[in-house]
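[1] Provided below for reference: sequence and predicted model.
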Amino acid sequence: MAIEQYELYGETAIRVQNEELEFTLVPAWGSNLLSLRLKNKDLELLRFPESQEMFKADPILYGLPILFPPNRIADGRFAFNGRDYQFDINDAAEHNHTHGLLFDAPWKLLRAEAEGERIVLETIIHSDEHEAILARFPHSFSVQMSYILERATLTIKATISSQDAAPFPWGLGYHTTFNYPFDRSGDLAKCQFSLNADKQWVLDERFLPTGELVDIPYLEELREGKSLVEHALDDAFQTAESGANEAVLTDLNSGIRVVYSADEQFKHWVVYNHDARQGYLCPEPYTWITNAPNLQLPQELTGFRVLQPGEQVTTTTRIRMEEVI
């Protein structure tokens, strides 16, 4: 096991590794876990930028960006508890805000150290230290990330803590961007994707949920393993009521399967691959569905949740590597 700091494109990066996996995280770039490498096959599993300029041009499509809140908010606006919230419009084409407050903010490294057979790396961000966050979301809160590497599994925990005098809504997600196939020279026809979902959200022309849930036309195939050759996705799914809450990426080119699981707080997945020809796939677990604060639907359906003064909540996701025999 090893932990080291080094300079990556002008920023401090932390590289953590054991015998099976290696990951690299840049605190100043939104606490983005930019690289996850399977060592015995020398495979980079996540889409990694080749320069600072490439990353800055589109930080959402590299590594594992933290979305707080996830995805789009219509017109960047919603109301809660007698207060109006206005986020910046960073999706001009559809006039939405997208991807939240934290993915492009600098975080602080808390610690990186070995604990027995695992390595723990922790980062934190405090809203009170960032005027740009408070201007859009005027609440005192912190988010602490824990990345736990143990054997062939990376566990990711997010702890959101309120230091505010008023309740506030919260939603969390990850825009995890995998190379797909993992071996970038591999054949997409030898890859399969599965997701344990029940229903699909109907989206309008702005990629906002209409509030309607429908049957997934390829449900059995999606659950068992589906080819994404020529299947473009920017779709939102509801987590299945039974079975494991997970997305599975299988790549027979490299003989590797990635099992991406989330706890029960992640009630939705968005799956994105642009036009299915760009060499990446983004399975995105969300605690609330896109535009949840503006949907006139039950909170237990949308995942809309509120943190009371002094409360904190912890979520857990895991990325586990398996060999395909």
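    Right, received. Where do you want to start?
[2] enumerate every residue touching residue 194.
    222, 223, 224, 225, 226, 247, 248, 250 (C-beta atoms under 8 Å, 6 or more residues apart in numbering). For the C-beta atoms, the positions are set from N, CA and C on the backbone; glycine is no exception.
[3] go with 6 Å
    225, 248 (C-beta atoms under 6 Å, 6 or more residues apart in numbering).
[4] which strand residues bridge it?
    Residue 194 has these beta-bridge partners by DSSP bridges: residue 248.
[5] okay, it: pLDDT?
    Residue 194 carries a pLDDT score of 98 in this model.
[6] and for residue 325?
    So, for residue 325, pLDDT stands at 75.
[7] how close does the residue lying closest to it once chain neighbours are set aside get to residue 219?
    Nearest residue to residue 325 in three dimensions, chain neighbours excluded: residue 255, at 7.8 Å (C-beta to C-beta, 6 or more residues apart in numbering). To residue 219, residue 255 is 28 Å away according to C-beta to C-beta, to the nearest Å.
[8] list phi and psi for the residue nearest to residue 325.
    Dihedral angles of residue 255 (phi, psi; degrees, to the nearest 10) stand at phi 70, psi 30.
[9] so it is in contact with residue 321, correct?
    No - using C-beta atoms under 6 Å, residue 255 and residue 321 do not qualify as a contacting pair, with a distance of 10.9 Å.
[10] between these two, which is the more surrounded one?
    residue 321 (21 against 14; other C-beta atoms under 10 Å).
[11] what number of residues lie near the nearest residue to the more buried one once chain neighbours are set aside?
    Spatial nearest neighbour of residue 321, excluding adjacent residues (C-beta to C-beta, 6+ apart): residue 152 at 4.3 Å. Using other C-beta under 10 Å, residue 152 is surrounded by 17 other residues.
[12] my guess is residue 152 meets residue 18, correct?
    No - contact criterion C-beta under 6 Å: residue 152 and residue 18 do not qualify, at 8.8 Å.
[13] all strands for the stretch 51-200 of the chain, in order.
    For the stretch 51-200 of the chain, the strands defined by DSSP state E, counting those that start in this stretch cover 66-67, 72-74, 77-80, 83-86, 96-98, 108-115, 118-126, 141-150, 153-162, 168-170, 173-174, 178-179, 191-195, 197-203.
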